[in-house]
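just coords:
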């Protein structure tokens, strides 16, 4: 494949996307599990107790990856929402819809682990400071997106309304991220993404990075799987989807389906591509 | 202009509009967005606020006095420029100690003593083993020592 012909648009066709995901996902699960096992081992057995918090700080190995994942997935959700609104690419809506439940789960986990961390260290489960409140709003945005998408009988209309909500809600993400710099919070400031380098011991940072990798890969795998299921259900009547559901989608069927989706555009990759 | 270009500008315009509106709102509510005020800000106020509020800072070294027969405790919260005396009765969080971050919630008496009904500990964003912390304290703030762990 030459640099010129990276077929970005190829995967806007659900049939092509389905096949790509089918190839990727089996590698992602073991990779996520491997990173998680390594990260948890580092986090529980290699990283030393903190000078101030003792062992209580170890919950950050779950808390920080889930919190980041929630924000990142929201930005992705908003980006896919914008792509869907502007270019009306059905696959973007499918991806956005597949992201939302995982984003909600990650945000919920970050709030939950944060409460469990706050109780012994701060002396409270919950306070209405800027960081915690804006993260709660993020959870509501994910839930609102899912509810709005499902509220309309017409999937196209529901998708448009929900995408608009996703785009508007995107302003919340920088507020979460910078809240600890803009205002006084009970929540502490940044430790990893600092201009003067992470304020963490190396073994702790290594464990954290492994856990972050694990959550990234896990989220990628589960989102792709969910998008595959949604693509199949939306195209249930087509030849390719029925063949894919039966586990025998041929390349010929896939290419035919992709051409159909692309409308009058000629096939982007005519042969030569495996 | 193509239809999808119109839609692109509409989406970008919406995002820009919402961002500006949010920035203006947050700016207008700046005083309410902050979780606590500092002892200096308390001193700077000409009149003592008679409502519930929070002060954040460090527990002044050597200021903690505990009662022998109750859970009453008094200490001073400082931001190194000025400090406010605080009294509290109840159970303090584990991380409460001299020189560490704290947020107290309550009301200030006419005499200027803050009567807290809730004390929360604030921890910093540095994570390191005890030995590294001691090494840093000996080296007076050199962060190089963290690297060895």
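That came in fine, so what should we check first? Keep in mind the model is a prediction, meaning the values are calculated, not measured. Numbering: from 1, shown residues only, chains lettered A, B, ... in the order given.

and the nearest residue to residue A:166 once chain neighbours are set aside, what does it touch?
Excluding the flanking residues, the one nearest residue A:166 by Cβ to Cβ, 6 or more residues apart in numbering or on different chains is residue A:81, at 3.7 Å. Any C-beta I mention is one placed from the backbone N, CA and C, and that applies to glycine too. By Cβ atoms under 8 Å, 6 or more residues apart in numbering or on different chains, the contact list for residue A:81 reads A:92, A:93, A:96, A:162, A:163, A:164, A:165, A:166, A:167.

work out for me the element residue A:81 sits within.
helix A:60-87 (DSSP states H and E).

can you find the helix or strand of chain B with the lowest average pLDDT?
Ranked by mean pLDDT, DSSP states H and E, the weakest helix or strand in chain B is helix B:130-139, scoring a mean of 73.

does it reach chain A?
Yes - applying Cβ under 8 Å from any Cβ of the partner chain, one finds helix B:130-139 touching chain A at B:130, B:131, B:132, B:133, B:134.

compare the residues you listed and tell me which is most surrounded.
When the residues of helix B:130-139 next to chain A are compared by neighbour count (other Cβ atoms under 10 Å in any protein chain shown), residue B:132 ends up highest, at 21 neighbours.

verify the stated contact: that residue with residue A:51.
Yes - counting by Cβ atoms under 8 Å, residue B:132 touches residue A:51, with 7.1 Å between them.

coming back round to it: centre of the chain to the least confident helix or strand of chain B, how far?
Distance, stretch centre to chain centre, for helix B:130-139: 25 Å (Cα atoms, centre = their mean, to the nearest Å).

likewise stretch A:20-30?
Relative to the centre of its chain, stretch A:20-30 is centred 16 Å away, using Cα atoms, centre = their mean.

would you mark the buried spots in that stretch?
Of all the residues in stretch A:20-30, those buried under the rule 16 or more other Cβ atoms under 10 Å in any protein chain shown are A:21, A:25, A:28.

for chain A, which residue gets nearest to chain B?
Closest approach between chain A and chain B, counting by Cβ to the nearest Cβ: residue A:123, at 2.9 Å.

which residues of chain B fall in strands?
With DSSP state E as the criterion, chain B has strands at B:53-59, B:65-66, B:72-78, B:83-89, B:101-108, B:114-122.

can you say which of these is nearest to chain A?
Among the strands of chain B, the nearest to chain A by Cβ to the nearest Cβ is strand B:114-122 (4.8 Å).

taking the centroid of chain B, which residue is nearest it?
The residue lying closest to the centre of chain B (Cα atoms, centre = their mean) is residue B:56, at 4.1 Å.

hmm, that residue is touching residue B:36, no?
Yes - between residue B:56 and residue B:36 there is a contact under Cβ under 8 Å: 3.5 Å.

joint contacts of the two?
With Cβ under 8 Å, 6+ apart, residue B:56 and residue B:36 have common neighbours A:184, A:186, B:103.

where does the residue nearest the centre of chain A land on pLDDT?
In chain A, the centroid-proximal residue (Cα atoms, centre = their mean) is residue A:73; its distance is 3.7 Å. For residue A:73, the pLDDT comes out at 97.
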